[in-house]
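K.L.:
Following is a predicted model, sequence given first.
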Amino acid sequence: MKIVIYGANETSCLIAAKLYEDHDIIVIDDGTDSNNEIQKLDIEYVQGSGSNIAILESIGIKDADIFIACSDNDEANIVACLTVTNMTKLKTVCFVSKKENVESLSLVRGSKYQRELMIDYILWPEELMTQEIFRIITVPNAIDVENFANGKARLLEYRVVEGTKFINKKIKDCSFPEDTLIVGITRDNTLFIPNGDMELLLNDKVIFMGSSYSLDILANKFFQDKNDVKQVTIIGGGNVGLMLAQNLEKVNMKIKIIEFNYDRCVELTENLKNTLVINGDGANYGLLEEERVGESDVVVSVTNNDEKNLLCSLLAKQMGVPKVITRVSKNANANIFEKVGIDVAISQDAAAIDDIENHLIKTEVEILATVERGQGKVLEISIPFDFKTDMIMNLKLPCKAIIAIIQRRNRIIIPRGTTQIMPFDNLIVFTTQNNSDSILNYFKRCI
């Protein structure tokens, strides 16, 4: 596979180092992000702008398979991706670091102009890292897990036990998180697809599908017998600190954020409902003692400075905090931090690179997963360009099945009956083994 990378910073160096042995890598850099380490790799290096048409033509951009723009400048990355999109049909990956750019690009992708202004994958490394930290803090106890859409969607299976909050309730009366669907129930060793009037009984095995984020919320709200993590202190109130606090508020944890900048503290207070915001220095041991940070179950240090994160984390460990999670901006620091006693050191670049690897190779298969010893199947169905747009409720399926997930370019949609199916959509459908052939044949005839 031929991969073109724009930018020669630490991020691109890590991407190239991980991929160059199996792929043909070309790096374009205008000199602003120059990292000497990248030139030590056995790859082609070209000096210039990633949006320069002449340079792109000179490296044979039309023969490439993927273009990754990961310079330190959001706007340059966006322009480079749009230039490549207008020149070729290859996949484009755009790194962004500002929330407003993520929101603007998401608006474009969902608008009627998306075919004229399209970037295949928008990566905000801080968001990916936030999701990873959230999962480390809140670990679900599922009995089966399947990941879809490059980790953006999941299937989780849980057993209903004594004390489960929704036991003996009808599905329609349960307050499950948005973007979550119950697609199957196994009762007395038999799998069936329920409706909203079905009661959830003791020992039922319930299969949920939905976005990864919504299922994380579900896991922590309903399926942890004992949630040992009750208090979390976050040091650093930047994007990661804010997003993490917002996520943790949804699972009813007691949260503190320590932020040095007073104006940022005001912003945090305006955007958080149940989080204590403290204006101060997270590296001040006296402040940590005064705020009883040592009583926290988890401390997360996510400032933009590795040295400060390390110091704050070591102070937290000294105070007896059982789990400390630390952000590292330099990937090489992760192992060092853990060697000196930090429980988890997370690099946002590593999270982004894992996401890219998931997008590089896509196999087209009809059966994505089987569950309950083959009784249930998860099918992937691609909708062609000439399909006539219609609502799910208007489809006349021959047997019981649930369209659980729609992949629309880089978006994940958890549909309802009024959701429209459109050309180029990928449907992820849950059905039973006995009905899978009928569902596949229906869609083949339908499309």
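P.N.:
Nice, thanks for sending it over.
K.L.:
Any chance of the backbone angles for residue 58?
P.N.:
Main-chain dihedrals, residue 58, degrees, to the nearest 10: phi -70, psi -30.
K.L.:
what's near enough to touch it?
P.N.:
Going by Cβ atoms under 8 Å, 6 or more residues apart in numbering, residue 58 touches residue 46. No exception for glycine: its C-beta is placed from N, CA and C like everyone else's.
K.L.:
Check the spacing between residue 70 and residue 345 real quick.
P.N.:
21 Å (Cβ to Cβ, to the nearest Å).
K.L.:
Just want to know which of those two has more residues nearby.
P.N.:
More crowded of residue 70 and residue 345, by other Cβ atoms under 10 Å: residue 70, with 29 against 25.
K.L.:
which ones are touching that one?
P.N.:
Applying Cβ under 8 Å, 6+ apart, the residues near residue 70 are 5, 6, 7, 9, 11, 12, 15, 77, 93, 95, 352.
K.L.:
how many other residues sit next to the first one?
P.N.:
Residue 5 has 26 neighbours, counted by other Cβ under 10 Å.
K.L.:
for it, which residues make a bridge with it?
P.N.:
residue 27, residue 68 (DSSP bridges).
K.L.:
tell me which strands and helices the helix or strand hosting residue 378 is in contact with?
P.N.:
Residue 378 belongs to strand 376-382 when elements are defined using DSSP states H and E. Packing partners of strand 376-382 (3 or more Cβ pairs under 8 Å, 6 or more residues apart in numbering; DSSP states H and E): strand 367-371, strand 426-432, helix 433-446.
K.L.:
Identify the residues contacting the shortest one?
P.N.:
Outside of strand 367-371, the residues that reach it under the criterion Cβ under 8 Å, 6+ apart are 144, 146, 148, 155, 157, 184, 191, 207, 376-380, 428, 433, 436.
K.L.:
Neighbouring strands - and their directions - for it?
P.N.:
Paired neighbours of strand 367-371 in the sheet (DSSP bridges): strand 376-382 (antiparallel).
K.L.:
now the contacts of residue 70 as CSV including pLDDT, secondary structure and distance to residue 83?
P.N.:
Output for the contacts of residue 70, formatted as CSV (pLDDT from 0 to 100; DSSP: H, G, I helix; E, B strand; the rest coil; distance: Cβ to Cβ, whole Å):
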residue, pLDDT, secondary structure, distance to residue 83
5, 94, strand, 15
6, 94, strand, 10
7, 90, coil, 14
9, 87, coil, 20
11, 88, helix, 20
12, 88, helix, 18
15, 87, helix, 20
77, 93, helix, 11
93, 91, strand, 14
95, 93, strand, 16
352, 80, helix, 22
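K.L.:
List just the nearest of these to residue 85.
P.N.:
Residue 85 lies nearest to residue 93 out of the contacts of residue 70, by Cβ to Cβ, at 11.5 Å.
K.L.:
Identify the residues contacting that closest one.
P.N.:
66, 67, 68, 69, 70, 81, 119, 120, 121, 123, 356, 359.
K.L.:
Next, count neighbours for the first one.
P.N.:
By other Cβ under 10 Å, the residues close to residue 66 number 21.
K.L.:
what about it, distance to residue 351?
P.N.:
18 Å.
K.L.:
same thing with the second one?
P.N.:
Residue 67 is 20 Å from residue 351, where distance means Cβ to Cβ.
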